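S.K.: Build me a structure from this.
(chains A, B, C, D, E and F)
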4 protein chains.
Amino acid sequence: MGKTESVDIKAVRKLADKVKQLSDNIEKERLIQNFLESVVEEDKDVHPLMEELQKHLPECLPFLRGLLQGFNLASGRSKGKCYQSYDHTEIRERILDAALKVFSTKGYYETKMDWIAREAGVGKGTLYRHFKSKEELYRYLIDSRLSELKNKINEIIHTDKDVLEILSECFAEYFRFFQHYRGLYRLILSEEVPFEGGKYIKAALRNIYPIKHKLFNAAQKGQFKQVNFETAFYGFMGFLHGVVQKWLDHGCNYDLMDELPVVTEILLHGVKTERR
Amino acid sequence: MGKTESVDIKAVRKLADKVKQLSDNIEKERLIQNFLESVVEEDKDVHPLMEELQKHLPECLPFLRGLLQGFNLASGRSKGKCYQSYDHTEIRERILDAALKVFSTKGYYETKMDWIAREAGVGKGTLYRHFKSKEELYRYLIDSRLSELKNKINEIIHTDKDVLEILSECFAEYFRFFQHYRGLYRLILSEEVPFEGGKYIKAALRNIYPIKHKLFNAAQKGQFKQVNFETAFYGFMGFLHGVVQKWLDHGCNYDLMDELPVVTEILLHGVKTERR
Amino acid sequence: MGKTESVDIKAVRKLADKVKQLSDNIEKERLIQNFLESVVEEDKDVHPLMEELQKHLPECLPFLRGLLQGFNLASGRSKGKCYQSYDHTEIRERILDAALKVFSTKGYYETKMDWIAREAGVGKGTLYRHFKSKEELYRYLIDSRLSELKNKINEIIHTDKDVLEILSECFAEYFRFFQHYRGLYRLILSEEVPFEGGKYIKAALRNIYPIKHKLFNAAQKGQFKQVNFETAFYGFMGFLHGVVQKWLDHGCNYDLMDELPVVTEILLHGVKTERR
Amino acid sequence: MGKTESVDIKAVRKLADKVKQLSDNIEKERLIQNFLESVVEEDKDVHPLMEELQKHLPECLPFLRGLLQGFNLASGRSKGKCYQSYDHTEIRERILDAALKVFSTKGYYETKMDWIAREAGVGKGTLYRHFKSKEELYRYLIDSRLSELKNKINEIIHTDKDVLEILSECFAEYFRFFQHYRGLYRLILSEEVPFEGGKYIKAALRNIYPIKHKLFNAAQKGQFKQVNFETAFYGFMGFLHGVVQKWLDHGCNYDLMDELPVVTEILLHGVKTERR
DNA sequence: AATGAATGAGTATTCATTCAT
DNA sequence: GATGAATGAATACTCATTCAT
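M.R.: Predicted structure coming up:
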């Protein structure tokens, strides 16, 4: 309740300024100021003021009166209870979890809203209270989860560590992420959905990586070969995906992180033994 | 009712700027902007927007709801009651007023219970404490308002005045009624609702009129032509409805009562100039 | 088959002109002309020409080749049968009849597409092959039927008969129409539907009547009283509706046309007996 | 393929004007206009429009369909076949080509059987004469195309060349394949379809490669590092996919084969410059 | 008493498949 | 053999009503 009050009071306070500007003489201004203040501060003894206003500002009164009513309602007057901003978060999370589970098992089109509802243990209507449509639910699911990854990668990138180290850590974070949200992998990779879907996801994945810049510098310094940067980037991402795919095909029965050394070794030094 | 609107609209417009400053991200800003604009421009289709707001801006809603109420009151919405009696207002009446407003704007099927609740400033549950169902609310609304008309007509009929005079007064009362409850006209006339609805309403209208009897006597006495009584009755009612319709089509921008002389003249003496 | 061919041939002929304009020397022009003519006339011996074209107009060939293919398909070559432009009309009418029946019984909202399909004796999918949506079906139903009335009224109006006679005939036609399509009455009168629906229908009804003009002239000539023209018009329409309503309320168990004399008498001369 | 488009587009544009002249009412004109514009602009989402046309302009459809086909051919669509062989073309192949085109553009679920039929220039029924169901058509499409790849890879593997050389050639063949059937890439990679689909495709890809064996031997001989074989394999495949993806993202505007050296270099020797 | 989050029965619409012509 | 009109099972989404708080 405290929450909504503060907002309303601020709003009304702001309103006071505005309404004052509407009045065209000092007298009116004083009256309205008093009125609004008494509303804001205490909302007691409003009635006598209302009567004064009625005399001197008949043209503004209906508006103020309406506002007062609204304010009273909003402040919870005459309603004993006021749900303290019911926590949408918990149920939303339940739905998102269920959605991830079903979507990633069945894919977008084969997933029926009924199943998500059942999986989440809520009614079908509840889904639609929280997400406008199947599409929005899907989008939100991908976006929210993906931005976690994005943030973590960004943290790693914006350190002053050596490029090689950053690269390793990104690989690690990438694996860690999909190990956690394994279901997400299929959704992100499949270009199934037509609405921005495919392209957009890939794009997001790519745009995430301002590391491009660092790599480029490293290449300039001779730390890396002068290969086409973009090709290498797409290839690396693909390589990582391949390794995740292997893990999934094996039923996730080992720790994805164990693959890191191999991945790093191959991508940095190749599979071929050093020529001497 | 005297056009205080100009003041209110300006106020609301100004307010729009303020409220936008309260919002802290683009999305919210857009929603509120839309909402306020729809209030300012037309106050049509506000309800769907309210629902959006409810989902995305629960913390601002009470404030906006208050504002909307204020605006409605300010625009001269029906009840002459002033703030003192606010708390004593029968909730039932508030609901019925709201229902009349929404039903008559949107029709039965396009009216959502949520909108009535919001318009009335009560929770949806409260609606169901007072009326068992949407249907009952609708029925009661029509019945109660219509019985006002019925009573008035009955008073007129049960005097000993001349039949012609009675007829004139009935016409007048009929117009007066729909001028007051203009929204009701659409509801009563449309045969939209299937539950007895249509038939029943027409029936009610007809049964109201024991004047049939008097007219019949007058006809017998040669005061009226020996036309089929019932045909004339239906025709008269239709004629009145037509004139009300014209008034509505013209945006109710004149006094319906002004039409009375023409109506009386035509129905009693026809449009043709006397042959002699 | 003959049907579609003629269209295609015309199209191709036109195309010939166009394509000729694209070519930039006489030689090319001749080739294309020949080619197209052989397609149009006989579609025999096209192949040698194609080879010529291939040599001299390689850049246009693919386009022409495609066109030829399309033309062959279209002409029904290599398909023994070609449904001779299956007659959509019959089934459309069945659907419209069914729709009128159900809509007028139940109203727009209470009518389920399933029922219309069942009533029409077709599958639900067939409905959607002929009408894009419930709304379109409804609109089309009203529009098509109403334009019949409109046309008939127009015929009546655009004669040189006396205004009074025209009026009578319009009344008669109006009754005749609703006697035929009795179900339509409810649909047209109820302002049930929100999409243009109500207003639009009333508007249509009114706009139908250029008779306004004639009446106005008659009033000027003193044939009619100098009453407000529009009021009279709305009133008259309402009167007619009232009488139709009576007929419906009586289960349509008499001939609506029988009411005509009373209607005419009242509207022209009133119900009151002539004062002497 | 050699850009004959400019000519065709001009022709179609001109044609638009002509065809419009053939239509005899506004509605038709609009439909055709839309249709032709969508053909000219992008040739995307033509199918929904075709359906509209089919409903409202059955008599013009064959002509337009021919035009569309011509346009597709003209744009360089796959088959090098010229008109002589038209009649002998296996319908099955026509259908599979059409299916590949539509499936790869729209994905499995967004592809409607109607569109495939139209694209192939056959009736919907014909589709079902050749393939039992949408699913079977899809499966067969993937299988048949993929087995081409499989065969070629097998040929390469079953030579006595050096492992490194074999590897290079496989990379090349892989690229060559997707450069040819670019549409197929999306289908194979997306795990969209639930019926064995995803898994099955990946499995197919893997089982294709008995090269595993050779690589294993090479590793044993110290030619390769003793990395986990399977990890490397999945990674390599992923890497290749990544590079194909890059190519697609760039609109296939360069020769995929040009990427081969970089791919080989990185996978065999890594991106890091040799430590001395 | 009042509230509004949750519910799920009910509906318009789509599209793979069939089959009469 | 080929065709495409007809079909109806399947599904996303709505909204009147309920009930825990």
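S.K.: and the gap between A:Arg176 and D:His130?
M.R.: From A:Arg176 across to D:His130, the span is 48 Å (Cβ to Cβ, to the nearest Å). Yep, even glycine has a C-beta here, placed from its N, CA and C like the rest.
S.K.: Please report the distance of A:Phe175 from chain C.
M.R.: The spacing between A:Phe175 and chain C, counted by Cβ to the nearest Cβ, to the nearest Å, is 49 Å.
S.K.: Wasn't that residue part of a helix?
M.R.: Yes - when classified by DSSP: H, G, I helix; E, B strand; the rest coil, A:Phe175 is found to be part of a helix.
S.K.: That one: what's its closest spatial neighbour, skipping adjacent residues?
M.R.: Nearest non-adjacent residue to A:Phe175, counting by Cβ to Cβ, 6 or more residues apart in numbering or on different chains: A:Leu256, 4.7 Å away.
S.K.: Could you verify my assumption that that neighbour touches A:Trp247?
M.R.: Yes - here A:Leu256 reaches A:Trp247: they are 4.9 Å apart, a contact under Cβ atoms under 8 Å.
S.K.: Kindly confirm whether my reading is correct that A:Val263 touches A:Val243.
M.R.: Yes - A:Val263 lies in contact with A:Val243 (Cβ under 8 Å); the separation is 5.9 Å.
S.K.: quick one, which of the two is more surrounded?
M.R.: A:Val243 (27 against 23; other Cβ atoms under 10 Å in any protein chain shown).
S.K.: Quick one: list the elements packing against the helix or strand encompassing that one.
M.R.: For A:Val243, the host element (DSSP states H and E) is helix A:229-249. Contact partners of helix A:229-249 among helices and strands, from 3 or more Cβ pairs under 8 Å, 6 or more residues apart in numbering or on different chains; DSSP states H and E: helix A:163-180, helix A:182-189, helix A:197-207, helix A:211-220, helix A:260-269, helix D:197-207, helix D:229-249, helix D:260-269.
S.K.: in that helix, what counts as buried?
M.R.: A:231-248 (16 or more other Cβ atoms under 10 Å in any protein chain shown).
S.K.: Report the closest residue of chain A relative to DNA strand E.
M.R.: A:Gly125 (1.9 Å; Cβ to the nearest atom of the strand).
S.K.: Could you check which helix or strand contains that residue?
M.R.: Using DSSP H and E, A:Gly125 falls in helix A:124-130.
S.K.: With DNA strand F as the reference, measure out to A:Tyr181.
M.R.: 23 Å (Cβ to the nearest atom of the strand, to the nearest Å).
S.K.: give me the number of residues near that residue?
M.R.: Count around A:Tyr181 with other Cβ under 10 Å applied: 18.
S.K.: what's the distance between it and A:Glu169?
M.R.: A:Tyr181 is 19 Å from A:Glu169, by Cβ to Cβ.
S.K.: which residues are contacting stretch A:95-112?
M.R.: A:115-117, A:119-122, A:126-127, A:130-131, A:134, A:137-138, A:140-141, A:144-145, A:181-187, A:190, A:192-193, D:108-109, D:191-194 (Cβ atoms under 8 Å, 6 or more residues apart in numbering or on different chains).
S.K.: Generate a PyMOL selection restricted to the buried subset of these.
M.R.: Command for PyMOL that selects the buried part of the contacts of stretch A:95-112, burial taken from 16+ other Cβ under 10 Å:
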select buried, (chain A and resi 115+116+117+119+120+122+126+127+130+131+134+137+138+140+141+145+181+182+183+184+185+186+187+190+192+193) or (chain D and resi 108+109+191+192+193+194)
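S.K.: got a list of what A:Glu93 touches?
M.R.: A:Glu93 makes contact with no residue under the criterion Cβ under 8 Å, 6+ apart.
S.K.: rerun at 10 Å
M.R.: Residues in contact with A:Glu93 (Cβ atoms under 10 Å, 6 or more residues apart in numbering or on different chains) are A:Ala120, A:Ser144.
S.K.: Before we move on, what's the pLDDT of the nearest residue to A:Gly238 once chain neighbours are set aside?
M.R.: Spatially, and ignoring its direct neighbours in sequence, A:Gly238 is nearest to D:Gly242 (2.3 Å; Cβ to Cβ, 6+ apart). On pLDDT, D:Gly242 comes in at 88.
S.K.: wait, D:Gly242 sits on D:Val263?
M.R.: Yes - taking Cβ atoms under 10 Å as the definition, D:Gly242 is a contact partner of D:Val263 at 9.5 Å.
S.K.: got any residues that touch both of the two?
M.R.: By the contact definition Cβ under 10 Å, 6+ apart, D:Gly242 and D:Val263 are jointly contacted by A:Thr231, A:Ala232, A:Gly235.
S.K.: Thought A:Arg145 was touching A:Ile188, still the case?
M.R.: Yes - A:Ile188 lies in contact with A:Arg145 (Cβ under 10 Å); the separation is 8.6 Å.
S.K.: Return every residue with contacts to both of the two.
M.R.: What both A:Ile188 and A:Arg145 touch, as defined by Cβ under 10 Å, 6+ apart, is the set A:Tyr181.
S.K.: Where does pLDDT dip in the stretch 1-150 of chain A?
M.R.: Residue ranges of the stretch 1-150 of chain A with pLDDT under 70: A:1-88.
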